[in-house]
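1. Sequence and predicted structure are below.
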Amino acid sequence: MNKKFYITCAIPYVNAAPHIGHALEFVQGDVVARFHRLLGEETILLSGGDENALKNVQAAEKAGVPVQQFIDENNVKFLELTRSLGCQFDVWQKGSDTARHFPASQKLWNLCDKAGDIYKKSYEGLYCVGCETFYEPEELNEQGECFEHPGKKLESVKEENYFFRLSKYQSKIIDLITSGNLAITPETRKNEVLSFLKQPLQDISISRSNERAKNWGVPVPNDATQRMYVWFDALNIYQSGIGFGWDDEKYKKWWPADVHVIGKGISRFHAVYWPAFLLSAGLPTPRALFVHGYFTVNGQKMSKTLGNVIDPNELIAKYGNDPLRYYFLREIPATSDGDFSERRFRELYNAELANGLGNFTARVAKLCEQSKITVASYTSDFPSVIQKYELLHKQLAQSRFDEYIKSIQLFIAGWDQSLEENKPWQYKDNIEENLPGYLSTLITAVRDTAELLRPIIPETAEKILAQYSGASITSEKPMFPRLP
RNA sequence: GCCAGCGUAGCUCAGUGGUAGAGCAGUGUCUUCAUAAGGCAUUUGUCGCAGGUCCGAUCCCUGCCGCUGGCACCA
């Protein structure tokens, strides 16, 4: 049987349209998934919609649309984005899915409950009626009011909720992380989590009353008055999407996840809460977390109030999806923050896609066309190509996309130098007689380049491979016209 | 405030106890197969500031300044 590979991207919050940060994460996940698919591994790439949070209900009310309709519409925007980015998601699991996700989450709840890790406790807090949320005293202004609704007194509300015994799993989670059974990349995020785990863990509340949840979300088993609270069921989408609670065989085949791709803001939930739930339920824990950074735009944090939120769809429409993928992967070191600027984007496009890759494939094609060379036709074979390039293989396997792409550019630059030394054009149409085998070497170089680029910019790679697959290779119009 | 990390050419960054490198941008030049693309050559830096250790520090130590991230029930 083939090796399996199960990878997830974080499930986006569907209360607003996707921004460039979502696009970055989708692309990173897609590249890793493509890499494993190309190696012949059976692969699932999953994401979905985080739909059960109260904020979705509030956003829907504000928009004057029924909740289900509201989240369905937003979901489509995310799905469409994944497609226009050229990302292949195999599963898109919605949190509001009552057929699969609800029973899966109730199953997880029951398992934790059976382990004795769920108990009822009354919770008292300051509640803002305007925001419909609880606040800690330090989150409020000097008058003890929330910033959104100054002048409005907060109510002290007491409510019974279910709590999860997170405290019980503290040392087990530390072991999991230090032993590497739950690998966290990069190291700095791992250290952050471990330093967080030095403090005693408090139990966390995992349910809300129906009133406060506005009757939205997964019902708590055997208690019609409560709904599950965000993280408990949201994280479980990683399981509910692959059969947990509705197809045991499928679930056993795929779980645990080989890697969760997430943003740095949610690393704790994935590194601490999630393994704790699973340990409690007696289920395997995920093997790795890959934590990426955030985007700034022209050096500034992205925010709605600044009005610098970038819509990835506009960039795709203007430049195409592969150039955008290329930029994400090449310019942003995978695990640190990166800046988006259109100026830099265009610079990189011209330097590496137009002048580098595009020009290289074009000049070789023209030389082949002029010499009328015929070569053995080529069938794509990623695994044997990647084997040939040890350093690149390592860089890609470790998800160091920026370094991987730089290596490819170095490879191209080496062939540009070779062309300059050999000057095949001076022999016009009898290149083969004067430089025997040279054109074939060039053709192999182009084919290898395209193979190596298949996980990164799949459409472009296929185009090059198609151009270079046949017995005779002809010149075509530029793939990446130079930008003015 | 506490903890971690960072501060190196115009930009993005790599790097080492022996007085600094790459890519992009800039300049010059060669060349024409190619998308006015490519090759070669080349300018610029008190390696954040101030001390200390050392024969010698950008790399080690201390202090300071600046920046970033983390500091739970928030998705």
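-> The structure has been received and is ready for your questions.

2. so what's A:Val291 bridging to?
-> Beta-bridge partners recorded for A:Val291 (DSSP bridges): A:Ile262.

3. Number of residues surrounding it?
-> 25 (other CB atoms under 10 Å). All C-beta spots, glycine's among them, are computed from the backbone N, C-alpha and C.

4. Check the one 4 residues further on too.
-> For A:Phe295, the tally of surrounding residues (other CB under 10 Å) stands at 20.

5. Also A:Ala471?
-> If we define neighbours as other CB under 10 Å, then A:Ala471 has 10 of them.

6. Skipping adjacent residues, who's closest to it in space?
-> A:Thr374 (4.7 Å; CB to CB, 6 or more residues apart in numbering).

7. got any ranges where the stretch 51-200 of chain A has weak pLDDT?
-> A:128-133, A:135-154 (pLDDT under 70).

8. Need phi/psi at the residue of chain A found nearest RNA strand B.
-> RNA strand B sits closest to A:Gly358 of chain A, with a gap of 1.5 Å, by CB to the nearest atom of the strand. As for A:Gly358, its main-chain torsions (degrees, to the nearest 10) stand at phi -60, psi -50.

9. The one 5 residues further on now?
-> Reported as degrees, to the nearest 10, the phi and psi values for A:Arg363 are phi -70, psi -40.

10. my guess is it meets A:Ser418, correct?
-> No - counting by CB atoms under 8 Å, A:Arg363 does not reach A:Ser418; the two are 11.6 Å apart.

11. Burial check on the residue nearest to the residue of chain A closest to RNA strand B when sequence neighbours are not counted, number of neighbours?
-> Nearest non-adjacent residue to A:Gly358, counting by CB to CB, 6+ apart: A:Phe480, 4.1 Å away. Residues contacting A:Phe480 under the criterion other CB under 10 Å number 23.

12. Helix, strand, or coil at A:Phe480?
-> Judged by DSSP: H, G, I helix; E, B strand; the rest coil, the three-state class of A:Phe480 is coil.

13. Pull up the gap between it and A:Leu85, please.
-> Separation of A:Phe480 from A:Leu85 (CB to CB, to the nearest Å): 17 Å.

14. Okay, strands next: where are they in the stretch 301-450 of chain A?
-> With DSSP state E, counting those that start in this stretch as the criterion, the stretch 301-450 of chain A has strands at A:338-340.

15. can you map out the helices along it?
-> A:312-319, A:321-331, A:342-348, A:359-371, A:382-388, A:390-397, A:401-422, A:431-434, A:438-453 (DSSP state H, counting those that start in this stretch).

16. Out of those, name the one with the poorest average pLDDT.
-> Ranked by mean pLDDT, those end with helix A:431-434 at the bottom, a mean of 81.

17. Report all helices and strands that it contacts.
-> helix A:359-371, helix A:438-453 (3 or more CB pairs under 8 Å, 6 or more residues apart in numbering; DSSP states H and E).

18. Many thanks, I have nothing further to ask.
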